[in-house]
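J.: What follows is a predicted structure for the sequence shown.
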Amino acid sequence: MDIKLLHGILNPQMVASDTATLTRFSVDGLVPEAVVYPANLSQVSEVIKLANREKWAVTPWGSGTKIGIGGAPKRLDLVLCAARLDKIIDIDVANLTVTAQAGVKLGDLQDLLGGAENRCFFPLEGDLKSQADYMCSARDYKGVFLPLDPPFPDKATLGGIIATNSTGPKRLRYGMPRDLILGVRYVSPTGEIIGMGGKTVKNVSGYDVSKIMIGSLGTLGIIGDITLRLLPLPEQIATILASFKELTAATAFAKRVLNSKLLPTSLEVLNRDGYSLSSSSDLRPSIGGWYVAVGLEGFSEEVKREIIDLKDMAHFEKAIDVVELGRDSTIVFWKNLANCALTLPKDGATMVKFKAGFLISNFPEVLEAWTNILSNDFCALTASAGLGLACAYIMVKTDTDIESAVRLGKAFRETVKIYGGNMVVEFAPATLKQKLDQWGSPQADFVLMRRIKDSVDPLNVLNPGRFLGGI
Amino acid sequence: MNIVQLKKLQYEEVAKCTRCGFCLPNCPTYAVRRNEASTPRGRNAITRAIIEGRLELSDDLAEAIFTCLGCGACTKACFPAVNTKDSVFSDRACLTEVHANPKIFEKLSEALNEYHNISEDDNEDRAEWQEYLKDVPGEFIEKDHAEIVYFVGCVASFFPMAQKIPADFATIMYHAGLDFTILGGEEWCCGFPLIGAGMPEKVAELKAHNLEKIKRVGAKKAVFSCPSCLHTWKHLYDTDIELLHSSQLLRDLVGQNKLDLKPVELKVTYHDPCDLGRNTGVFEEPREVIKSIPGIEFVELPNNRNMSVCCGGGGNVEMVAPDLSAAIAQRKIEEILSTETKTVISSCQQCLRTIVTNARRQNIELNAMDLTQLVLKSLSQK
Amino acid sequence: MEIDALRQRLKEIVGQDFVLSSNVDLMLYGYDAYLEMRRPDVVVIPENTEQVSQVVRLAYEEAVPVTARGSATSLSGGPVPLKGGIVIHFSRMNRILEIDVVNKRARVEPGVITLDLQTAVAKKGLQYAPDPASQKTSTMGGNVGENSGGPHCLKYGVTTNHIMGLKIVLYDGEVVDTGGKAPDRPGYDLTGLLVGSEGTLGIVTEITVRLIEQPEAIKTLLGIFETIEDASNTVSAIIAEGIVPATLEMMDRLVIRAVEESVHAGYPQDAEAVLIIELDGLKDGMERIADRIIEICLANKVREVKVAKDETERNILWTGRRGAFGAVSRLRPNYMVCDGTVPRTKLPEVLRRVTEIGREYNLPIGNVFHAGDGNLHPLILFDCRNEEETARVREAGTKILRLCVDAGGTISGEHGIGLEKLHEMSFIFSPDDIAALWKLKNAFDPVGGFNPGKVLPSLAS
C-alpha cells in the first residue's frame, strides 16, 4: 500500500501506520497496513473513493467492542476508525430526536441527554417567554434518553451499534435500532455521500435504506451520522429479582409476566453463572439455580403496581427469594450484565459468546436443552424471555477449551434450529472461528443479499468476507 | 335513457366518488366475485366513464351493471354517500335504450304488459292464496270500499312458497277487526322489476292503473307486505294516502293491545330487508313486534339495520346471474347460522324465498318465517 | 408474444374466470384513489403463491410489467399500471393462515383486509397495532407496500415495525422467504427494505406480523379549540412534556363540519380545531397523566375537553376521524392530500403557512392529520373536471411539500411516493441518493418489471 496516497487526502495525524497502532487494529489476526481517522464525511468519501481506485479492502471500526462479530476478513488493507467522527449534531428535546455522528459513544450521549433541559417549542402567539417558562417549570423531572442498552453501553459507538444491530434486554419494551432510527447519512462503498431519512418520526419517501444498513456490519456503507428517536426519561425505575430452584418454575414465572398486561422493559432468565455476571448480591446466596430479572420503567404508579403484581406472580410460582431493586441498584445491575464480556475474563482467558434467536414460545426448551449439553465449567446463560433470544458466555484458554467450545456451539446451533431459529458466534478467538461458522448457513433469500452487495460494492471494498455467506 | 340524460341525472352524483374504496367490504357482489367490476366504486367509475365518453354503451358493461343488487349498502358505507344504486339503474336504462341489456328483461317487460304480473299467470289468479285462509269469510277480504287496501304484491300472490304470508296477514287483520280489502285481479304489478330492468318509463301504465283502483276503493291507507312494492309506491307513486308496511301495521296493533299474543318458545334472529330497512328506514317496528311476543329469544345478526347484507334476491340479479345470487344467499345463510339460531324472521317475501330456496338446495336446516307468520303463530297458541 | 397469446397463457395458470381483459375491466384496473389512470393489458386474480410465481415468470420471459394491487385505496398512484402490462389483484388471496397466540405472530395472505386481521386477533386478546384510516378496506399487502401509518403509530410505530417476515416472488418468478417468526435472522434486513417499496422490488405473497397484548386501559379525550394555533401548540406541548400518548390527531373546522354532516361524531361545528388524544397502557397513573394533558390543554386556551365515557363514545369519535377524507368530498368532488411530514416542533408554523398557501391559490384546504407524528394531511378541495383548478391544486400541493422539506421534513409520511411525488423526490434526495436507490432496485429487479415508473425518478431527471 502506498501511504502517500492517503496523505494526499488526509492530514498526517489522521493516518497511522506504526506497528503498535496497526497491531491494535488487527482483525482476527489480520493486521492492516494503515489506520485512518477521518473527521468528516467528505474525508470518509475521499478515502473510500481512493480505496476503490486502489482496490483496498477497508474495515470500519468504532471503538472495537464488537469487532469480533463476523468472519475473519478475506483481505484487510485499511481500517477506517470513527474516533474523530464524534460530534453530536443536534439534540431536539421537544421533538424527541437526536442526530449524532457514528463515533459518538453511547455512554457520552446518554449522559448529555439525561441532563438535557427541556427546550420548549416556540408557540406562534401569545407571550412566548411566559409560555416557555410554564412548560419547563411544570415538569418535575427532566431529561431524555436513547432507549438502547447494548453490551458495553459506555464504550460502544452509535455507528457500531447500528452496524451490528446490537441490542440489550430493554429491547422488549423499546424495540431495536430498526424501530428507533429515523435517518442515516453514510458513505457508500463507492464513495458517494448518501442521505436517507431525517428528523420526522414517519417517512416513506423512497426505500427504507436505513433498515439494511442496520446489522450489515459495514458491508454496505460507512455510517456517518444517524438520527434516532428519543424518549423522556422514565419517572421511576426499578427491578424485581427472583430466584427459583428449577428452570421450569423460572420459565413459568416469565410466561406469566408475558401473558399479563404488565409492560416490563426487560425480562431476563439467567442461570447461576448468568446471574453471577451481574455481580449482584441482592438475593440471598446459593439458594436457587435459576434467576429472573424484570426491569421496570414508567410512571411511578405503573411501577408501583407492577412491583406488587410481580412479587405475587413470583411467589405463586414458588420463588425461593424475591427482591426489589431501587433506582441505583437497578442501574448497577443492568450495567454489570451489559459489560460482563469485558469484566469477566480472567487469567488470560477469552470470552466466547453465542447468541441465538428462536421462537419466543420455545425459550424454556432452548434453555433446558442448552443446560443439558453444557460441558464447560463456566457457562453463563441469559435469555430474553419475551424476545426469543438467548446468549451463552463461556471462557476459553487452551486448545482443549476451544475444541469443547466448538462442540458446544455446534450442539447449541442444532438445538436452536429445531425451534425455528439460528445462532451466531458473537465473540470468539480467531482459532475458534475457523472451526465454527460465525453466521450459520444462509437461506434462499441470500441470493438477494449477494445481489445487493454486488450492486452497491462491485469491487468488494468494504469488509470483504466478514458477513453472512462470505459477503 | 340517453347519455345526455344520464349526465344530467347522475354526473354530479358519481363525481363525488373519490375511489377511496370504503364501499368494497360492504358490497355482497364483491365478496363473491372478487373483481373490480363487482364493486360500487367500479360501477361508479363505469357510469362516469360512460358520461365522459371513455366507455361505449355495449354488452361489455352488462356484467358489471346488471349484477348490482340495488341493496344500497355501499351508500351507507360511503362518506360522501354516493347513491350508486340509482346511478346503476340509470345505466341500465341507457343500456336498454341501445339494446345492450340482457334479453330476459325484454321478456319480463312483455309479460308484464300482457299479464300484469311477473309470473305470467292469469292475473285473476292473484287471489289464489285465499285457499290458505281458514276462518276468514271471503266477503271480508274483497270489498268495494274499505279503509285499508292490502297490496299483496306478485311474489306473495303467485309463488307457492310465499302464499301463506298474505293468508296469515289477512287473518291477523281480520281478527284485529280492521276494515280492509284487496284489489284481487285488479292489482297489477307495482312496476318495481322494471326499474331494476332498466325500463323505468314502462312503470307509468301500471302505476296509473293501481292508483285508479285504489282511489275507487276510497282507502285512506295502503298496506304492503312486500317492501319493494312499498318502496316503489313511496318513491314513484304520487299519492296522498298513507303507505304502510305490514310490520308497521302490526306494531300499531301491538301498541293498541289489539293482538292477544301468546308465548312462543323460539330463538330467532331478524334479517333487515334492504328495501324495508336501509332504503325505507323501517328498522325498529319489526323488532318491537318480535320482542313483544312472550317466550321469544331474540339475537341480532352480526350485520344488522343499516349494515344488513342483502339476501341475494335484489336488483333482478337472480334473473341474469343466478349463480351470483345463490352465492350471496349462501353467505347470508352462513351469517344467520353464525348466531346459532335455526329461525330467521324477515318481512320480505323475496328475501324469504331466496333464503329458503338456497337453504333447501344445500340441505341446510333453517326455518325462515315472515313476521306476519310469527305473529299468527303466537296468536294461534293455546 | 401477442397480447391474446399472453392472456391465453395466463388463463392456463390461474383459470379462465380469473383473467380479465375486457375493455371495461381494463378501465377498472387503471386507478386508485389518486387522480391518474392508466390501462393494464390484462388483469389476473391468482389464488396462491405458486400461481403468482408462474405469472411473474411468464411476465419476465415476455418482458411485460407487473403491478400488484390490493383494494387500491392508495393515495399516490401505487397500483396504477403506468406502463400497462399485467395487474395482479390479490382479492382472492385473503386468508389468515395462522394466528400463533403464544409467539404473538400471525401469518396472512396479502389480500387480507387489515380490519379483518385486527378483529380476528382481538378475539384472542391481542392486537395488530397499525391502524390506517382505511383499515376496513385496505389490504395487508397494500399496507406492506406503502408502509402504512395510522393514528396509533405515534406510540406503536408504523407497519414496518410490525412486520417480521415476508414471502416474496422475485423478478424471475423465484420465491424466497425473508425474516420469519423468530428474531434476528443473520443477514441484511430485506424485510425492512421491502416494506414501503411499493411493489417495485418484489411481489409479496405472505406476511408474518407481530402481535401485541391489548392494553389494559384506554382513555380517549377530545380537546375543542378556538384556534388551530392553540391546538397545534398543545400537540407540541404534550410531546415536549414527555408524554407520548397512543394518538394525537387533529382536525380543523372545514373537516369537522364535513365529518359532522356525514357521521355525527359529536364534534362541535363552531370549533376551529379538535384534538383526539388517546392514552393506553396500564390503568395505574393514567388518571394523573390525563389530568396533566387537560392542564396542558387549558394552558393552551382549550374551550373544552370531553372524555369518552365508554367504548361506544370512543368508537363514534374514531369513526369521524377515519371517515374524514371521504367526508370532505361532500364539499367538493375531489381532494388532493399532501402527505408532508415535519419535525413535531415545526407544526404550528407549517400549518399557518399551509393556510396562507390556500389563500394564495384561492383553494379551500382542510386539515386532518396525525399531529403527534408531525404528519400533515392538508386536503386541497377541488373538482378534477376543472382543468385550470386542477393545475392550481398541483402547484399548491408541490408548494406545501416544499414547505415541509424546508422545515426539515419530508414529502411523504405514510402514503408513499407512487407516481404522485416523483418530481418532489429531488426536494429531499441528491442525484447520488437517487442513484443509490436505483442500485437497490436493480439488485432486486434487474429487468425493471415490477411497477415501473414508481417511487424512483429516472436518473436523468
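T.: Received, thanks.

J.: Next up, the contacts around whichever residue of chain C sits closest to chain B.
T.: As assessed by C-beta to the nearest C-beta, chain B sits closest to C:G326 within chain C, at 2.8 Å. No exception for glycine: its C-beta is placed from N, CA and C like everyone else's. Going by C-beta atoms under 8 Å, 6 or more residues apart in numbering or on different chains, C:G326 touches B:18, B:20, B:22, B:78-80, C:262.

J.: ok, now A:E297?
T.: Contacts here follow C-beta under 8 Å, 6+ apart; on that basis A:E297 touches A:173, A:234, A:236-237, A:265, A:303.

J.: cutoff 10 Å now
T.: By C-beta atoms under 10 Å, 6 or more residues apart in numbering or on different chains, A:E297 lies in contact with A:145, A:147, A:170, A:173-174, A:231, A:233-239, A:263-266, A:303, A:306, A:330.

J.: What of A:G421?
T.: Here A:G421 is in contact with A:356-359, A:362, A:366, A:388-390, A:413, A:415, A:440, C:180-185 (criterion: C-beta under 10 Å, 6+ apart).

J.: repeat that with 7 Å
T.: By C-beta atoms under 7 Å, 6 or more residues apart in numbering or on different chains, A:G421 lies in contact with A:356-359, C:182.

J.: Check for me that the residue of chain C closest to chain B belongs to a helix.
T.: Yes: using DSSP: H, G, I helix; E, B strand; the rest coil, the assignment for C:G326 is a helix.

J.: so what pLDDT did it get?
T.: Taken from the predicted model, the pLDDT recorded for C:G326 is 82.

J.: re earlier: in strands, which of the contacts of C:G326 fall?
T.: Among the contacts of C:G326, DSSP state E puts none in strands.

J.: Tabulate these (TSV), appending neighbour count, distance to chain A and pLDDT.
T.: Formatted as TSV, the contacts of C:G326 follow (neighbours: other C-beta atoms under 10 Å in any protein chain shown; distance: C-beta to the nearest C-beta, whole Å; pLDDT from 0 to 100):
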residue	neighbour count	distance to chain A	pLDDT
B:T18	25	21	93
B:C20	26	19	94
B:F22	27	22	95
B:C78	26	27	93
B:F79	25	24	88
B:P80	24	27	91
C:S262	21	26	85
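
J.: In the stretch 201-350 of chain B, mark out all the helices, start to finish.
T.: Taking DSSP state H, counting those that start in this stretch to define them, one finds helices in the stretch 201-350 of chain B at B:203-217, B:227-236, B:246-255, B:284-292, B:317-320, B:322-337, B:349-361.

J.: what would those look like in a markdown table with mean neighbour count, mean pLDDT and distance to B:A170?
T.: A markdown table is the format used below for these (neighbours: other C-beta atoms under 10 Å in any protein chain shown; pLDDT from 0 to 100; distance: least, C-beta to C-beta, whole Å):
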| stretch | mean neighbour count | mean pLDDT | distance to B:A170 |
| --- | --- | --- | --- |
| helix B:203-217 | 17 | 95 | 16 |
| helix B:227-236 | 23 | 96 | 16 |
| helix B:246-255 | 22 | 97 | 10 |
| helix B:284-292 | 20 | 98 | 17 |
| helix B:317-320 | 20 | 96 | 27 |
| helix B:322-337 | 19 | 98 | 28 |
| helix B:349-361 | 22 | 96 | 14 |
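
J.: Tell me the helix or strand right after the helix or strand containing A:E324.
T.: When elements are assigned from DSSP states H and E, A:E324 belongs to strand A:321-325. With elements assigned by DSSP H and E, the helix or strand that comes after strand A:321-325 is helix A:327-343.

J.: How far away from the center of its chain is that following helix?
T.: Relative to its chain's centre, helix A:327-343 lies at 15 Å (C-alpha atoms, centre = their mean, to the nearest Å).

J.: Also stretch A:30-44?
T.: That offset, for stretch A:30-44, works out to 23 Å (C-alpha atoms, centre = their mean).

J.: So which of the contacts of A:E297 belong to strands?
T.: Residues of the contacts of A:E297 located in strands (DSSP E): A:145, A:231, A:236-239, A:266.

J.: Chain C next: which of the residues you listed are close?
T.: Among the ones in strands among the contacts of A:E297, no residue is within reach of chain C (C-beta under 7 Å from any C-beta of the partner chain).

J.: among those residues, who's most crowded?
T.: Within the ones in strands among the contacts of A:E297, A:T239 tops the neighbour count with 29 neighbours, counted by other C-beta atoms under 10 Å in any protein chain shown.

J.: which residues does that one bridge with?
T.: On the basis of DSSP bridges, A:T239 is bridged to A:G295, A:L325.

J.: got the contact list for it?
T.: A:293-296, A:325, A:330, A:333.

J.: which one of the residues you listed is nearest B:H209?
T.: A:L296 (80.8 Å; C-beta to C-beta).

J.: Does that closest one touch A:A238 like I think?
T.: Yes: counting by C-beta atoms under 7 Å, A:L296 touches A:A238, with 4.7 Å between them.

J.: C-alpha coordinates for the helix or strand where C:L154 lies, PDB please?
T.: Using DSSP H and E, C:L154 sits in helix C:153-156. Output of helix C:153-156 as PDB, limited to C-alpha atoms (Å, rounded to 0.1, in the frame of the first residue of the first chain):
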ATOM      1  CA  CYS C 153     -48.500   4.700  15.000                       C
ATOM      2  CA  LEU C 154     -47.500   7.600  17.300                       C
ATOM      3  CA  LYS C 155     -46.900   5.200  20.100                       C
ATOM      4  CA  TYR C 156     -46.600   1.800  18.300                       C
END
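
J.: Before I go, just wanted to say thanks for your time.
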